[in-house]
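Peer 1: Sequence plus predicted model, see below.
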Amino acid sequence: MIKKVFSKFVLGAGVVNLVALLVLLNFGARITGLQLDLTKNRIHSLSESSKKIIKELEDIVVIKIFASEDLPPEFGEKKRNLEQIVNQMKRAGGNKLRIEYVDVKSEEGMRELEENGIPPLQFSTLNSDKFEVSSGYFGMAVVLGEKKEVFPLISDLSNVEYYLLTSIKKLSSETIPMVGINTDHGEALEEINLLGRVLSSSYELVPVEVSSEMGIGEGLDLLLFVGPTEEFLEEDVLKIKTFAENGGSLLFLIDSVGISSGLVGEEYESGLEDLFLEWGMEMEKGLVADAGSPSLANFMSNNGPLLLSYPYWVGINSSGLAKDSPISSSLENLVIPWGSSIKVGENVKSLVWSSDKSFLVEDYSNLIPDKDFSVPEDASSLVMAVIRTEGVKVGLVGDSDFVKDSFSQNNQQNLVFALNFVDYLSAEDGLFDIRAKDIRVSGIRPVEEKESKLIKSINLAAPIVILLAIYLVSFQIRKRTNRLYKGEDN
């Protein structure tokens with residue numbers, strides 16, 4: 001009997017000690033800031049690029065947080081995540097980085113809110129079974145001397161590290177890289193607001209009219225072409241070529257086929273075909289259809305919305321992304337809608353390609369999603385994005401729809417891909433691991449029907465097998481324990 005009581009005491013003491021140890025470890029980690037980040041891409045830890053930028057600061061940077069104490073519950077986790085990030089930055093920056101939490105209810109705090117243009121947010125909260133409207137603040141400002149960058153609303157916590165570091169980099173740099181966006185060949189610039197907004201956090205964006213007398217102005221680091229629909233004249237092509245040969249970088253997001261709202265295609269002639277050929281890139285006629293990795297598309301029908309696999313929206317998974325290039329190495333998936341393929345010549349590297357069940361379609365009269373697709377025998381992977389590796393700095397993607405707001409909002413890695421391209425061509429490669437780590441979404445690997453049935457069977461059987469195993473183990477432990485106790489009592 002004494003043995004039984006003693007064994008129970010030892011067991012209880014062990015549990016208490018374990019709980020106490022866990023509490024002490026958690027408390028110590030909170031005080032010292034130590035943490036164990038086991039996420040695949042270390043999304044809860046500062047990237048090495050962030051630490052390097054912060055440590056190299058020459059002047060003091062102040063990050064001011066404007067956050068109300070009585071924010072709704074859905075903002076609680078956002079506030080904690082923000083505090084975690086800025087505290088890590090503070091530890092990396094030491095005396096060169098200050099974090100200030102502004103009391104938004106004080107007179108001084110109200111004055112700073114007004115000076116920084118941070119508006120109150122309206123919330124609907126449930127109180128005593130009644131909905132009440134309240135207001136609060138959740139914004140921040142990055143200040144260096146007389147310069148500052150203001151974020152009136154912190155809505156995208158997944159990218160807050162990137163936004164903070166690009167703001168710090170922008171404020172601390174004497175010169176800001178200039179990116180020109182061509183505007184005079186039918187580009188739908190009103191559809192790339194998200195791309196423009198993110199680019200403007202790191203670059204000075206300049207509208208360019210290649211066909212004008214002024215042409216391509218001086219000081220540009222990169223010239224971006226997003227979906228031109230009008231043909232470039234010979235003199236325009238010469239200006240572009242001269243810009244590249246003089247050291248400027250070029251990024252072309254080109255559609256060889258435009259798609260109308262009725263899902264009918266129309267071929268475009270860009271006038272850049274010969275220039276691309278000279279640089280070892282040839283855009284092929286036709287749209288890429290990928291029966292092996294189609295993306296899901298939401299279409300309206302007479303019976304309401306339908307979610308269907310649509311081969312013209314090519315789903316690129318990790319096997320279709322060049323892992324030896326910083327432009328694409330951090331990505332997991334992309335969606336390239338209504339894209340074209342590119343033939344690769346000398347000194348040109350493939351960055352993105354479709355699955356081996358892809359083929360070109362040159363009949364654009366009927367691109368509806370319920371069309372029956374039969375995969376031809378000569379189906380193969382098709383390259384959809386390339387970069388020149390020697391001589392001129394030129395990148396080419398056989399599509400522009402992937403960066404439009406309607407696609408990039410729901411497929412953030414599309415936006416990351418475009419931004420990485422711009423950073424690489426503009427030599428801002430230090431931003432890659434900051435941006436891409438927080439918005440990586442692992443794609444679903446397509447499986448054959450037999451494998452799919454096997455996975456379903458395992459998913460159905462596994463819980464039963466696990467419960468049965470737990471029962472048998474517990475039964476054996478109880479049986480053995482009872483036998484021991486009976487032996488002690490005797």
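Peer 2: Happy to help now that I have it.
Peer 1: All the helices of the stretch 251-400 of the chain, in order from the start?
Peer 2: Assigned by DSSP state H, counting those that start in this stretch, the helices in the stretch 251-400 of the chain fall at 273-278.
Peer 1: so what's I63 bridging to?
Peer 2: I99, V142 (DSSP bridges).
Peer 1: Confirm for me that it is in contact with L144.
Peer 2: No - contact criterion CB atoms under 8 Å: I63 and L144 do not qualify, at 10.2 Å. Using the backbone N, CA and C atoms, a C-beta is placed for each residue, glycine as well.
Peer 1: If you count surrounding residues, which of those two has more?
Peer 2: The neighbour count for I63 versus L144, taken as other CB atoms under 10 Å, is higher for I63 (22 against 18).
Peer 1: ok, now which ones touch the more buried one?
Peer 2: By CB atoms under 8 Å, 6 or more residues apart in numbering, the contact set of I63 is 86, 89, 97-100, 140-143, 164.
Peer 1: let's go with 7 Å and repeat that
Peer 2: Counting by CB atoms under 7 Å, 6 or more residues apart in numbering, I63 touches 86, 99, 140, 142, 164.
Peer 1: Show me which of the residues you listed is closest to P72.
Peer 2: M140 (18.2 Å; CB to CB).
Peer 1: element containing the closest one, please.
Peer 2: For M140, the enclosing helix or strand under DSSP states H and E is strand 138-144.
Peer 1: for that strand, packing partners?
Peer 2: If you count contacts as 3 or more CB pairs under 7 Å, 6 or more residues apart in numbering; DSSP states H and E, strand 138-144 packs onto strand 61-67, strand 147-151, helix 160-172.
Peer 1: Kindly recompute the last result at 8 Å.
Peer 2: strand 61-67, helix 73-93, strand 147-151, helix 160-172 (3 or more CB pairs under 8 Å, 6 or more residues apart in numbering; DSSP states H and E).
Peer 1: name the helices or strands packed onto the third one?
Peer 2: Counting contacts by 3+ CB pairs under 8 Å, 6+ apart, strand 147-151 packs against strand 138-144, helix 160-172.
Peer 1: swap in the longest one?
Peer 2: Applying 3+ CB pairs under 8 Å, 6+ apart, one finds that helix 73-93 makes contact with helix 48-55, strand 61-67, strand 97-102, strand 138-144, helix 160-172.
Peer 1: my guess is I85 contacts E161, does it?
Peer 2: Yes - counting by CB under 8 Å, E161 is a contact partner of I85 at 5.6 Å.
Peer 1: overlap in contacts of these two?
Peer 2: Joint contacts of I85 and E161 (CB under 8 Å, 6+ apart) are L46.
Peer 1: ok, the two, which is more surrounded?
Peer 2: It is E161, of I85 and E161, that has more neighbours when counted by other CB under 10 Å, with 23 against 20.
Peer 1: Now do the more buried one against Q84, distance only.
Peer 2: According to CB to CB, to the nearest Å, E161 stands 10 Å off from Q84.
Peer 1: Kindly report the same for L321.
Peer 2: 30 Å.
Peer 1: Among these two, which residue is more densely surrounded?
Peer 2: Set side by side, L321 and Q84 show more neighbours around L321, with 23 against 14, by other CB under 10 Å.
Peer 1: Can you tell me the closest non-neighbouring residue to that one?
Peer 2: S328 (4.4 Å; CB to CB, 6 or more residues apart in numbering).
Peer 1: which residues does L220 contact?
Peer 2: L220 sits next to 178-180, 206, 208, 243, 248 when contact means CB under 8 Å, 6+ apart.
Peer 1: Out of the residues you listed, the closest to I466 would be?
Peer 2: Closest to I466, out of all of the contacts of L220 and judged by CB to CB, is V179, at 54.7 Å.
Peer 1: Neighbours of that closest one, how many?
Peer 2: With other CB under 10 Å as criterion, V179 counts 24.
Peer 1: per-residue confidence for the closest residue to E362 other than its chain neighbours?
Peer 2: Nearest non-adjacent residue to E362, counting by CB to CB, 6+ apart: G286, 4.3 Å away. For G286, the pLDDT comes out at 91.
Peer 1: What distance do you get for G286 to I240?
Peer 2: As judged by CB to CB, G286 and I240 stand 25 Å apart.
Peer 1: Please say which of the two ends up with more neighbours.
Peer 2: Neighbour totals were compared for G286 and I240, and I240 leads with 23 against 19 (other CB under 10 Å).
Peer 1: May I have the beta-bridge partners of F252?
Peer 2: F225, L396.
Peer 1: Just the pLDDT at it, thanks.
Peer 2: F252 carries a pLDDT value of 97.
Peer 1: Same check on the one 3 residues further on?
Peer 2: If you check D255, the pLDDT there is 94.
Peer 1: burial count for V422?
Peer 2: 24.
Peer 1: do I466 as well
Peer 2: Counted with other CB under 10 Å, residues neighbouring I466 total 10.
Peer 1: Please give me every residue in contact with A289.
Peer 2: By CB under 8 Å, 6+ apart, the residues touching A289 are 311-312, 314, 358-361, 373.
Peer 1: Kindly report the same for L57.
Peer 2: L57 neighbours (CB under 8 Å, 6+ apart): 93, 96-97, 168, 172.
Peer 1: go again using 7 Å as the cut-off
Peer 2: 93, 96-97, 172.
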